[in-house]
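>>> Based on what follows, work out the 3D shape:
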Amino acid sequence: MVARKLGKSWWIDFYHERKRYRKRSPVNTKKGAQAYERQIRNRLVFGENLDAQTMTFAELCDEYTQN
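The predicted structure follows:
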């Protein structure tokens, strides 16, 4: 686990399947950053998308009516 303090914030920094993940921890403590890293790694292992994109209401309606 790599949790480090840069400036006044705690950050996680690791690689998963040749992609780097460097994110600021929402909880600004070392233990909070370590817990956040475990959470992110678990989401990656189970195939969840971390880069969720927002949809407009019109896009959501189009997708809903097509299915």
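>>> Assign a three-state SS to the residue nearest the centre of the chain, would you?
Central residue of the chain (CA atoms, centre = their mean): residue 50, 4.7 Å from the mean position. Following DSSP: H, G, I helix; E, B strand; the rest coil, the label given to residue 50 is coil.
>>> distance of it from residue 21?
Taking CB to CB, to the nearest Å as the measure, residue 50 and residue 21 are separated by 8 Å. Every residue, glycine included, has its C-beta placed from N, CA and C.
>>> Now list whatever residues contact both of the two.
Contact with both residue 50 and residue 21 is made by residues 40, 44, according to CB atoms under 8 Å, 6 or more residues apart in numbering.
>>> tell me the helices in the chain, going along the chain?
Ranges of helices in the chain, per DSSP state H, are 30-45, 57-66.
>>> got JSON lines for these, with distance to residue 6 and mean neighbour count too?
What follows is the helices of the chain, written out as JSON lines (distance: least, CB to CB, whole Å; neighbours: other CB atoms under 10 Å):
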{"stretch": "helix 30-45", "distance to residue 6": "11", "mean neighbour count": "15"}
{"stretch": "helix 57-66", "distance to residue 6": "36", "mean neighbour count": "9"}
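>>> sorry, back to before: which residues are in contact with the residue nearest to the centre of the chain?
Contacts of residue 50 (CB under 8 Å, 6+ apart): 21, 40, 43-44.
>>> again, only this time at 10 Å
Going by CB atoms under 10 Å, 6 or more residues apart in numbering, residue 50 touches 16, 19, 21, 23, 40, 43-44.
>>> ok, now residue 2?
Residue 2 neighbours (CB under 10 Å, 6+ apart): 11-15, 22, 33-34, 37.
>>> do the same with residue 36
3, 10-12, 23-27.
>>> of the residues you listed, buried ones?
Taking 16 or more other CB atoms under 10 Å as the criterion, what is buried in the contacts of residue 36 is 3, 10-12, 25.
>>> Now, the residues you listed that are in strands?
3, 10-12 (DSSP state E).
>>> As a markdown table, those residues with pLDDT and distance to residue 65 would be great.
Formatted as a markdown table, those follow (pLDDT from 0 to 100; distance: CB to CB, whole Å):
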| residue | pLDDT | distance to residue 65 |
| --- | --- | --- |
| 3 | 92 | 45 |
| 10 | 95 | 44 |
| 11 | 96 | 42 |
| 12 | 95 | 40 |
